[in-house]
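S.K.: Any chance you could fold what I've pasted below:
(one chain, ligands or ions: 2)
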Amino acid sequence: MSSRAPRILAAEWRAAASAPAEFPPAREPEIAILGRSNVGKSSLLNRMVNRRGLARTSATPGKTRLLHWYAVARGAREIALVDLPGYGYARVSRAERAAWQRLVESYLDARRARLALLLQDLRRDWSEDESLLLAWLAQRDLPALVVLTKCDKEKPQRAAARERELRTAIGLPKERVIATSAKTGRGIDELWRAIEGEL
Ligand code: GTP
Ligand code: MG
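M.R.: Ligands and ions are numbered 1, 2, ... in the order given. Here you go, the predicted model:
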C-alpha cells in the first residue's frame with residue numbers, strides 16, 4: 001500500500017443555496033463543514049483540495065451566508081464538501097440567527113451529509129454553541145469530527161497546551177479531534193484519512 005495521499009484530481013464549485021428548494025440534486029456523499037463565523041471553514045476547504053481561492057475567505061466574519069457545494073475527486077473517490085454559513089456572528093439580528101438555524105437544520109435534517117466536520121478555533125474556548133451542535137449531530141446519528149483550526153497562530157508549546165485543554169472540554173475519542181492549520185497544511189492528511197475512515 002502506498003503511503004502517499006491520493007492526489008486531488010478535481011475540485012469545483014457546484015452550487016449555492018439559501019433555501020432547501022435550491023439544494024442541488026444529491027450525487028456524491030456529502031461532508032458538511034460547520035462552525036462559528038470566521039473559524040476558518042472556507043480556508044480549510046481550500047487547503048483540503050489545494051485550491052487557493054476556490055471557496056471565498058475573508059477577514060470580515062459572516063462572509064458565507066449561503067450553503068456552497070464543492071465537488072471533489074480525490075483518488076478514485078468523489079465527494080462533495082458543503083461549506084455551511086457560520087454561526088455566532090455578533091452583529092446579526094435574532095431573526096437572522098433564527099434563519100441560519102432553520103437553513104442549517106433543514107440541510108442536516110435532509111440527511112444528505114454522511115459526516116460533519118465541526119470546526120473550533122484553537123485559541124477560543126469550546127462553548128455551549130459547539131457542545132449543543134455536537135449533541136444535536138449525535139442525536140441525529142450523524143458522525144462528527146472536530147477540527148481544531150488556526151494551530152499555526154500559537155507557538156508550538158502553547159498550541160500543544162491549548163490542544164490538550166480543548167480535547168478535555170470536547171470529550172471525544174482522540175482520533176475524532178484533529179489539529180490543523182490551513183496556513184501550513186498541518187493535519188490535513190490526517191483529516192483526509194479520518195474522513196476516508198467514515199465513508
Ligand atoms: P465565514 O464564512 O465568515 O463563516 O468564515 P469562515 O469560517 O469561512 O472563515 P475563513 O476561512 O473565511 O477565515 C477567516 C479568517 O481566518 C481569514 O482571514 C483567514 O485567512 C484566517 N484563517 C483561516 N484559517 C487559518 C489558519 O489555519 N491559519 C491562519 N493563520 N489564519 C487562518
Ligand atoms: Mg466562509
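S.K.: what are the ranges of the strands in this protein?
M.R.: With strands called from DSSP state E, the chain shows them at 8-17, 30-35, 67-74, 77-83, 113-121, 144-149, 177-179.
S.K.: any chance of those strands in CSV, with mean neighbour count and mean pLDDT too?
M.R.: Using the backbone N, CA and C atoms, a C-beta is placed for each residue, glycine as well. Shown next, in CSV, are the strands of the chain (neighbours: other Cβ atoms under 10 Å; pLDDT from 0 to 100):
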stretch, mean neighbour count, mean pLDDT
strand 8-17, 15, 88
strand 30-35, 24, 96
strand 67-74, 21, 94
strand 77-83, 20, 95
strand 113-121, 22, 97
strand 144-149, 24, 98
strand 177-179, 21, 98
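S.K.: With distance to ligand 1 added, can I get the ones you listed in a markdown table?
M.R.: A markdown table is the format used below for those (distance: least, Cβ to the nearest ligand atom, whole Å):
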| stretch | distance to ligand 1 |
| --- | --- |
| strand 8-17 | 12 |
| strand 30-35 | 6 |
| strand 67-74 | 9 |
| strand 77-83 | 7 |
| strand 113-121 | 7 |
| strand 144-149 | 5 |
| strand 177-179 | 10 |
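S.K.: Could you dump those strands into JSON lines and include distance to ligand 2?
M.R.: JSON lines is the format used below for these (distance: least, Cβ to the ion, whole Å):
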{"stretch": "strand 8-17", "distance to ligand 2": "12"}
{"stretch": "strand 30-35", "distance to ligand 2": "9"}
{"stretch": "strand 67-74", "distance to ligand 2": "8"}
{"stretch": "strand 77-83", "distance to ligand 2": "6"}
{"stretch": "strand 113-121", "distance to ligand 2": "10"}
{"stretch": "strand 144-149", "distance to ligand 2": "12"}
{"stretch": "strand 177-179", "distance to ligand 2": "19"}
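S.K.: Dump these to CSV, plus distance to Ser131.
M.R.: Below are these laid out as CSV (distance: least, Cβ to Cβ, whole Å):
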stretch, distance to Ser131
strand 8-17, 27
strand 30-35, 13
strand 67-74, 23
strand 77-83, 22
strand 113-121, 10
strand 144-149, 11
strand 177-179, 13
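S.K.: Could you give the bridge partners of the nearest residue to Leu191 once chain neighbours are set aside?
M.R.: Sequence neighbours aside, Ile178 is the residue nearest to Leu191 in space, at 5.0 Å (criterion: Cβ to Cβ, 6 or more residues apart in numbering). For Ile178, the beta-bridge partners are Val147 (DSSP bridges).
S.K.: My understanding was that Ile178 contacts Val147; is that so?
M.R.: Yes - look at Ile178 against Val147 with Cβ atoms under 8 Å: they come within range, at 5.4 Å.
S.K.: anything in contact with each of the two?
M.R.: Gly187, Leu191 (Cβ atoms under 8 Å, 6 or more residues apart in numbering).
S.K.: is Leu118 in a bridge, and if so with what?
M.R.: Judged by DSSP bridges, the bridge partners of Leu118 are Leu34, Val146.
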